[in-house]
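Trainee: starting from these lines, generate the structure:
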Amino acid sequence: MKQLFLLALLGLSLAATAHAQTYQQLDAAGKQGYVKAKAQQLSAIIGGRTVEFSPAYLALVTARVEAYAKRIGTGAQGVAGKEDLRFVMERGAKFAPTFAQAFQARNVAPLIGIYLPFMESEFRNEMTSEAGSSGMFQFLEQTAVRFGITSAERNDPAKAADAAARYLAGLQNKFAGDVWLSLLSYNQGETAVDKMLTNVTNARAAACGVCALSEAQGTLGKEGLFYTPNLIAAAIIGEHPADFGLQVSPLSSGK
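Mentor: Here you go, the predicted structure:
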C-alpha cells in the first residue's frame, strides 16, 4: 500500500505542475537540476528513502535522459534502441498495470516492474540478446529455470514479470533492502556484485553504494555502469512525459 500511495502522490504532483519549457529547451544547468530533483524523488518512491546520488552518478543519469530525449519525435519505428519513444510508451501502457501489480505482490517497487522491461527490452517480447537472454525481462535460460519458468515462458510477459519480481525480492533481502545494488545484481549477477563490494572497501558503508561502485575505476564495464542510471532515466521520462513533449499519460497511471 505504501508504494501505491507514493505513486498516487507522484501523479498528483504531475497533475498540479505546468511547465513553460520542455526538458529539451532547458540549458545545461537547468537539465542537471531537473534530473537531480526527479532522481531524488524517484529514489524515495522506488527505494523507500531519498538517496543523495553523487554528481558523477547523476551525470550518468543525465546522459541517459539525453539519449532517450533525442529519440522523441523522430517518427522512427521498429528498430530496437532507435525507435521514437512515443511508440515505446504506447507499448508500455499495455503492460504497465500487470507488471506493477506483479511486483507489488512480491513487495518490490511497482515502478521497477514498469521500468525494468522498459530499459531491458523496451517492451519488446521478441527481444533476444547475444548472450542468450530473452523476453521483456531478458532472462537467461538458466536464471529462468532457477525461478520456476521454462525457456519458452521467458516470453510470457506475466510469468516473466512474476519471476523477475521474485528474483529482485530475493536480491533486496541479500543486499539489506538496497534496491540499486539489487538492480545492479539483476544485470551483473549477485556473486559479481558481492566481489565488487569486497574490492571497493567504502562501497558497503556508503550512503549510495552503487555510486561508489560506479566511481571506482575499472569496477564496472559500460553495461553495468549505465544499468541503474538507465532505469532512473527511463522512469524520469515515463513518469513525466509532458515535460519532454510527449502527449501521453505516465506509465504508472494505468491509462
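
Trainee: sketch out the low-pLDDT regions of the stretch 51-200 of the chain for me.
Mentor: Nowhere does the stretch 51-200 of the chain drop to pLDDT under 70.

Trainee: ranges for the helices of it?
Mentor: In the stretch 51-200 of the chain, the helices defined using DSSP state H, counting those that start in this stretch lie at 55-69, 85-105, 110-121, 141-146, 157-174, 179-188, 190-199.

Trainee: ends of stretch 96-116, what's the gap?
Mentor: Taking C-alpha to C-alpha, to the nearest Å, stretch 96-116 runs 11 Å from one end to the other.

Trainee: list the buried residues of it.
Mentor: Using 16 or more other C-beta atoms under 10 Å as the test for burial, stretch 96-116 gives 96-104, 106, 108-116. For every residue, glycine as well, the C-beta is placed using N, CA and C.

Trainee: and for stretch 29-45?
Mentor: Buried residues in stretch 29-45, counted by 16+ other C-beta under 10 Å: K31, Q32, Y34, V35, K36, K38, A39, Q41, L42, S43, I45.

Trainee: give me the mean pLDDT for the helix or strand containing the last one.
Mentor: Translated: I45. Using DSSP states H and E, I45 sits in helix 28-47. Per-residue pLDDT over helix 28-47 has a mean of 95.

Trainee: list the contacts of that helix.
Mentor: 3, 6-7, 10, 21, 23, 26, 49-53, 58, 61-62, 65-66, 109, 111-112, 177-180, 232, 235-236, 239-240, 243 (C-beta atoms under 8 Å, 6 or more residues apart in numbering).

Trainee: buried ones only from these, please, as a ChimeraX command.
Mentor: The ChimeraX command for the buried members of these (criterion: 16+ other C-beta under 10 Å) is given here:
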select :3,6,7,10,23,26,51,53,58,61,62,65,109,111,112,178,179,180,232,235,236,239,240,243
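
Trainee: please identify the most buried of the helices of the stretch 51-200 of the chain.
Mentor: helix 110-121 (a mean of 26; mean count of other C-beta atoms under 10 Å).

Trainee: let me see the residues that make contact with stretch 98-118.
Mentor: Stretch 98-118 is touched from outside by 3-4, 7, 42, 45-47, 88, 92, 95-96, 123, 136-137, 157-158, 161-162, 164-166, 168-169, 172, 179, 183, 186, 231, 234-235, 238-239, 251-252, 254, with contacts defined as C-beta under 8 Å, 6+ apart.

Trainee: the same query, at a cut-off of 7 Å, please.
Mentor: Stretch 98-118 is contacted from outside by 3-4, 7, 45-46, 88, 92, 96, 123, 136-137, 158, 161-162, 164-166, 168-169, 172, 179, 231, 234-235, 238, 251-252, using C-beta atoms under 7 Å, 6 or more residues apart in numbering.

Trainee: same deal with stretch 225-238?
Mentor: With C-beta under 7 Å, 6+ apart as the test, stretch 225-238 has contacts from 35, 38-39, 42, 57, 60-61, 64-65, 68, 85, 89, 92, 111, 114-116, 118-119, 180, 183-184, 187, 210, 214, 244, 250-251.

Trainee: likewise for stretch 211-222?
Mentor: Outside stretch 211-222, the residues within contact range by C-beta under 7 Å, 6+ apart are F53, S54, A56, Y57, L60, M196, N199, V200, N202, A203, A206, L225.

Trainee: list the contacts for the nearest residue to R91 once chain neighbours are set aside?
Mentor: Using C-beta to C-beta, 6 or more residues apart in numbering and skipping residues adjacent in sequence, the residue nearest R91 is F123, 4.0 Å away. Taking C-beta under 7 Å, 6+ apart as the definition of contact, the neighbours of F123 are V88, R91, G92, F95, P117, M136.
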